[in-house]
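Engineer: Got a predicted structure plus its sequence, pasted below:
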Amino acid sequence: MLRPEKMCRVSVTGSKRAMEQTIEAVHDLDMLHVTEYDGSWDGFEPGNSLTGTNEVSDKLVTVRSLQSILDVSEEDAGPTRVVTDEAIEEQLDEVRTAVNELDDRRDDIRDELNELRLDHAGFLLAAEEKLAIEAQKGEAPLTFATTENAFIAEGWIPNERYEAFERALSSTVGDAVDIDRIEIAEYNSEGHAESHEEVEREGGNGGEPVGSSVDAPEPESESQPQETVADGGVITMGDDAPPVIQDNPSGVRPFEDLVEVVNRPKYGEFDPTVAFFLTFPAFFGFMIGDLGYGLLYLALGYGLYSKVDSDVLKSLGGVGMWAGGFTALFGVLYGEFFGLHQLGEIVWGGSPPMHKGLQPTYSGYALAWLTMSLLAGTVHLAAGWIFDFVENLNHSLWDAITESGSWLLMLFGLWAWVFSGANGAAPDFLYTAEAGVFAGNPYAWGFTGLPAINLFTIPGLGAPFSAWLILFFAGLVLLALADPIEVVEFLNVLVNVLSYTRLAAVLLAKAGMAFVVNLLFFGAYSHHGEFHFLIGHGPEWAVAEYGAEAIMFPGLVHSGIAGALVGVLILVIGHLLVLVLGITSAGLQGVRLEYVEFFGKFFEGGGKRYNPFGYERNYTTED
């Protein structure tokens, strides 16, 4: 999941007599991501298009022009069909003539054009598909290396599909071509291949391509690794990195498009999609935390996922369903339904396990969420630098220690010092005996902070020096050894973690907005630091029970018919506004934490999409 599917480089070598048959077979297999020949081999030139390709391209231009004139869409296609070359010649001339005649009188005969579109849309779509396939095949030799009598084609396929590719191609073209697996691309930080299958080559000058002779001897064993040449690898058409097929479970795949907003992962680096999937919905759900909003997000996401054709919108729908599910889950834990607390009464008997901390009596929860945000940020950033550490191991252990381990040491050293409370490093709300988060308010964590481990008193300052700071300064020294310029960014371990406090901030902001909307409609009173909406009681009852000073707002619903109507409008529009702002605030803030704070530690991107030589037929059949 954290790595893309393993790829191997394949070479197909044969005589030119077999080239067209080979192209047909490879195209039908739809497996080979073709590498374009860069012209670097002595004696080899890029190939020429197959005979008739120019005529096919001209017809394809004509078909697409007619489609544009007639405004043909996929819905007009009708059943799939077999399109012959003769049919294209005859019907294409007929349609072109009719369109040209009608186009001259377009304003008068739009209905006739529409009828013509309905009559010929299926043919035009099918003809375009057939011609596009023929053009694709005809232009394939342009990417090959060729001599007067032979050709070499190279490309990438998933390693586990090589045997199937070899069997299928061999069964079609027989001994006319030689098929070799010349590289199995391992994962390194550059995304280049590191291990190779054995292929014997004539000569040892490092300048002859693998398999450049159709009479070259067969490799002794396909399973033995190739010995690298003087420049560090086998001779191939180009120094291209393998294309990337992201290997994620189906439930995670909608998040791939969000990752690609930054960039497609390179072949040799970690794919952050799974980490995105594990954290973003939880961040979003924590910040909104309401069953009502969660169900709406879930429904909106399902609508996008199931009703639209766009792959990007489908992916956003999938992300929306996960985010809505976590929002609903946290909403149950908070006991809130559109900001109302009746859910907590029903499910938890009035005592839900979590509160957002908006009400004065539950303010300890707000401090707890602030603390949890800092801890979440520390863990999230550490995961990013650990990924970077593993990737840098491909260079050397020293590079990994200085370039990534340095940041990990600074991160843990600084925040262990903060959470130890040494020399007043931590804010009072963590350790205050009566109300501190680590003193059991609001939860009994069983954790009272890390030990301070004071080693000595700093001369002149009278302040103790904690052992945790040794980790921080050790990391700073290692960072200076790796890249002195980066030392100026050493405070990133502080400010990046503080950035995660936006989780708690958005939580309180969204809770406050929903509270205000309900306050205006229902009204509310305050009692012992708790807010209670006037549902089932009027403001008169609250005044009689707790006094006029307890009333926060009497509520529009209790202000007559006109007030109630205005209140309903405010209630609906207000909650819709909170729903939308939930996406633009919680959604964007969560995405920002992923892109800027997390991805920035290890993710570079720049991978190529796997695009196999082939065509998925929609409007034509082969027989």
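Structural biologist: Okay, I see it.
Engineer: Can you tell me the closest non-neighbouring residue to Leu296?
Structural biologist: Closest residue in space to Leu296, ignoring its immediate chain neighbours: Leu579 at 6.0 Å, by CB to CB, 6 or more residues apart in numbering. To be clear about C-beta, it is placed using only N, CA and C from the backbone, and glycine gets the same treatment.
Engineer: SS state for that neighbour?
Structural biologist: Secondary structure, DSSP: H, G, I helix; E, B strand; the rest coil: Leu579 is helix.
Engineer: Next: Asp247.
Structural biologist: Applying three-state DSSP: Asp247 is coil.
Engineer: Could you give the number of residues near it?
Structural biologist: 16 (other CB atoms under 10 Å).
Engineer: In this structure Ala366 contacts Leu358, no?
Structural biologist: Yes: the pair Ala366 and Leu358 qualifies as a contact (CB atoms under 8 Å) at a distance of 7.5 Å.
Engineer: any shared contact partners between the two?
Structural biologist: Common contact partners of Ala366 and Leu358 (CB atoms under 8 Å, 6 or more residues apart in numbering): Leu508.
Engineer: Measure how far the helix or strand hosting Gly324 is from the centre of its chain, please.
Structural biologist: In the assignment (DSSP states H and E), Gly324 maps to helix 311-334. A distance of 15 Å separates the centroid of the chain from that of helix 311-334, by CA atoms, centre = their mean, to the nearest Å.
Engineer: Buried residues, it. List them.
Structural biologist: Residues of helix 311-334 classed as buried: 314-334 (neighbour count, 16 or more other CB atoms under 10 Å).
Engineer: In the stretch 201-350 of the chain, where is pLDDT below threshold?
Structural biologist: 201-235, 238-239 (pLDDT under 70).
Engineer: Can you identify each of the helices in it by residue range?
Structural biologist: If DSSP state H, counting those that start in this stretch is used as the criterion, the helices of the stretch 201-350 of the chain fall at 256-262, 273-288, 291-307, 311-334, 342-348.
Engineer: And those: which comes nearest Phe533?
Structural biologist: helix 342-348 (8.8 Å; CB to CB).
Engineer: Now distance to Ile184 too, for the helices of the stretch 201-350 of the chain, in JSON lines please.
Structural biologist: Formatted as JSON lines, the helices of the stretch 201-350 of the chain follow (distance: least, CB to CB, whole Å):
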{"stretch": "helix 256-262", "distance to Ile184": "24"}
{"stretch": "helix 273-288", "distance to Ile184": "23"}
{"stretch": "helix 291-307", "distance to Ile184": "36"}
{"stretch": "helix 311-334", "distance to Ile184": "30"}
{"stretch": "helix 342-348", "distance to Ile184": "54"}
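Engineer: Quick one: closest of those to Thr80.
Structural biologist: Taking the helices of the stretch 201-350 of the chain one by one with CB to CB, helix 311-334 is closest: 22.2 Å.
Engineer: Would you mind putting the CA coordinates of the closest one into PDB?
Structural biologist: Taking C-alpha atoms only, helix 311-334 is exported to PDB below (Å, rounded to 0.1, in the frame of the first residue of the first chain):
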ATOM      1  CA  ASP A 311     -13.600  10.300 -11.900                       C
ATOM      2  CA  VAL A 312     -12.400  13.300  -9.900                       C
ATOM      3  CA  LEU A 313     -15.900  14.100  -8.600                       C
ATOM      4  CA  LYS A 314     -16.400  10.400  -7.800                       C
ATOM      5  CA  SER A 315     -13.200  10.500  -5.800                       C
ATOM      6  CA  LEU A 316     -14.400  13.600  -3.900                       C
ATOM      7  CA  GLY A 317     -17.600  11.800  -3.200                       C
ATOM      8  CA  GLY A 318     -15.700   8.800  -1.700                       C
ATOM      9  CA  VAL A 319     -13.700  11.200   0.400                       C
ATOM     10  CA  GLY A 320     -16.900  12.900   1.500                       C
ATOM     11  CA  MET A 321     -18.400   9.600   2.600                       C
ATOM     12  CA  TRP A 322     -15.400   8.800   4.800                       C
ATOM     13  CA  ALA A 323     -15.400  12.400   6.200                       C
ATOM     14  CA  GLY A 324     -19.100  12.300   6.800                       C
ATOM     15  CA  GLY A 325     -18.900   8.900   8.500                       C
ATOM     16  CA  PHE A 326     -16.200  10.100  10.900                       C
ATOM     17  CA  THR A 327     -18.200  13.300  11.500                       C
ATOM     18  CA  ALA A 328     -21.200  11.300  12.400                       C
ATOM     19  CA  LEU A 329     -19.100   9.000  14.700                       C
ATOM     20  CA  PHE A 330     -17.700  12.000  16.600                       C
ATOM     21  CA  GLY A 331     -21.200  13.500  16.600                       C
ATOM     22  CA  VAL A 332     -22.400  10.500  18.500                       C
ATOM     23  CA  LEU A 333     -19.500  10.700  21.000                       C
ATOM     24  CA  TYR A 334     -20.200  14.400  21.500                       C
END
